[in-house]
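*Asks:* A predicted structure for the sequence below; I have some questions about it.
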Amino acid sequence: MRIFHSEDHRGHAGAKEMRYDQFIPMCESPDRMDTILAALREQGHRDITAASAFDLAPVLRIHTPGFVEFLQTCWPLWEAEFGPKGFATAYMFGMRGMDQVPNKSVHSMLSCYTFDVCVPFVAGTWKAIRSAVDTTLSAATFIAGGGEAAFALCRPPGHHASADLAGGYCYVNNAAVAAQTLLDGGSARIAILDIDYHHGNGTQSIFYGRDDVLYASIHATPESEYPFLLGYARETGAGPGEGFNLNLPLPLRTTITAYRSALAHAVERIRAYAPDVLIVSLGVDSFVGDPVGGFALESVDFLTIGADIARLGLPTLFVMEGGYAIAELGLNTANVITGFSQARG
Ligand code: SP5
Ligand code: ZN
């Protein structure tokens, strides 16, 4: 397993997030990467490569130019108004009957290009966004060159971000950019298996009308969990994409038995699709102790999940998404990678 990483994520830090009646330090923090790296090394995964730099062309294959410019200019515009302290965030959103296209004010950009209060901007945010996509594209390039398995250990995550909306800690959809880059490089079909606890509403929406990317997601039911407004089983794709979107929502407190049945279902669909490459949106916020999630998977279960994915026998690109139980995050993530690697032999 070749692991790709960049230290440039570190400046995306220091903001707070809303949790019911209080502001708490952001769960999506730089120390997530440190604990995962330490656990990977401890489990013997030492093939760690620094990410290479890419230009923005691959990002613009997925995201709109206005949105990418917003990601880049949001903090400087905000800082000009409020100074270097704090963080930029939306005060209102472009809802029904209002403009959906921003004017020149940073507030209108935040209102039109973000969909929740979990995507703060600080001075290091844009550099971190670039580092995450560079890390993912470095790993995708390794797979395109014949590599069997790679892990893009990056943050911020991406699966909630759509073509022109950031949300849920996500700005650029790293997995989607990798999928499009692999297609542009000659692959015919890509499957994305999303095992983050939350539904990847951004990835689903990006590929909803297409049959060259199969999106399969196992997540907490939107009836009781974020993102609430997408992720039902009835969402099966549209037009040429009909039948190429598979949502497998599960109830709160799900344990490995039911989880593994859903995973077997997703794996069978992916096998039938016969993709050139499998991209795994790897979130471990399905862990019982996760402060953001509500499933009941144990640390050892992540070895099983990794092994089940490995048996597809496909070139596989893991892209880091969520997972916030800092004490066990490293172990849980490394267990997926180790379970996968051991099953591959
Ligand atoms: C990438 C990713 O995992 N993003 C998740 C964003 C979730 N933001 C919403 C948090 C809602 C908090 N719910 C707390 C439930 C406590 N069990
Ligand atoms: Zn998540």
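*Replies:* Received, thanks. Residues are numbered from 1 along each chain as shown. Ligands and ions are numbered 1, 2, ... in the order given.

*Asks:* For residue 159, see how far away the residue nearest to residue 190 when sequence neighbours are not counted is.
*Replies:* Nearest non-adjacent residue to residue 190, counting by Cβ to Cβ, 6 or more residues apart in numbering: residue 179, 4.4 Å away. All C-beta spots, glycine's among them, are computed from the backbone N, C-alpha and C. Distance of residue 179 to residue 159, given as Cβ to Cβ, to the nearest Å: 12 Å.

*Asks:* Residue 40 now?
*Replies:* Applying Cβ to Cβ to residue 40 and residue 159 gives a distance of 21 Å.

*Asks:* near ligand 2 at all, the biggest strand by length in the chain?
*Replies:* Longest strand in the chain, counting residues (DSSP state E): strand 213-220. No: Strand 213-220 is not in contact with ligand 2 by Cβ under 5 Å from the ion; minimum separation 8.0 Å.

*Asks:* Summarise which helices and strands the helix or strand that that strand is followed by is packed against.
*Replies:* Sequence-wise, the next helix or strand downstream of strand 213-220 (DSSP states H and E) is strand 245-250. Applying 3 or more Cβ pairs under 8 Å, 6 or more residues apart in numbering; DSSP states H and E, we find strand 245-250 packed against helix 201-207, strand 213-220, helix 256-273.

*Asks:* partner strands of strand 245-250, parallel or antiparallel?
*Replies:* Counting by DSSP bridges, the strands paired with strand 245-250 are strand 213-220 (parallel).

*Asks:* who has more neighbours, residue 40 and residue 159?
*Replies:* residue 159 (32 against 23; other Cβ atoms under 10 Å).

*Asks:* Report the closest residue of the stretch 1-150 of the chain relative to ligand 1.
*Replies:* Proximity of the stretch 1-150 of the chain to ligand 1 (Cβ to the nearest ligand atom) peaks at residue 118, 4.7 Å away.

*Asks:* now that residue, what's its secondary structure?
*Replies:* coil (DSSP: H, G, I helix; E, B strand; the rest coil).

*Asks:* about what we covered before: can you give me the angle the longest strand of the chain makes with helix 256-273?
*Replies:* Here the directions of strand 213-220 and helix 256-273 differ by 170 degrees (axes from the mean of the first three to the mean of the last three Cα atoms, to 10 degrees).

*Asks:* near ligand 1, anything from strand 213-220?
*Replies:* No: interface with ligand 1: strand 213-220 contributes nothing (Cβ under 6 Å from any ligand atom), its closest point being 9.6 Å away.
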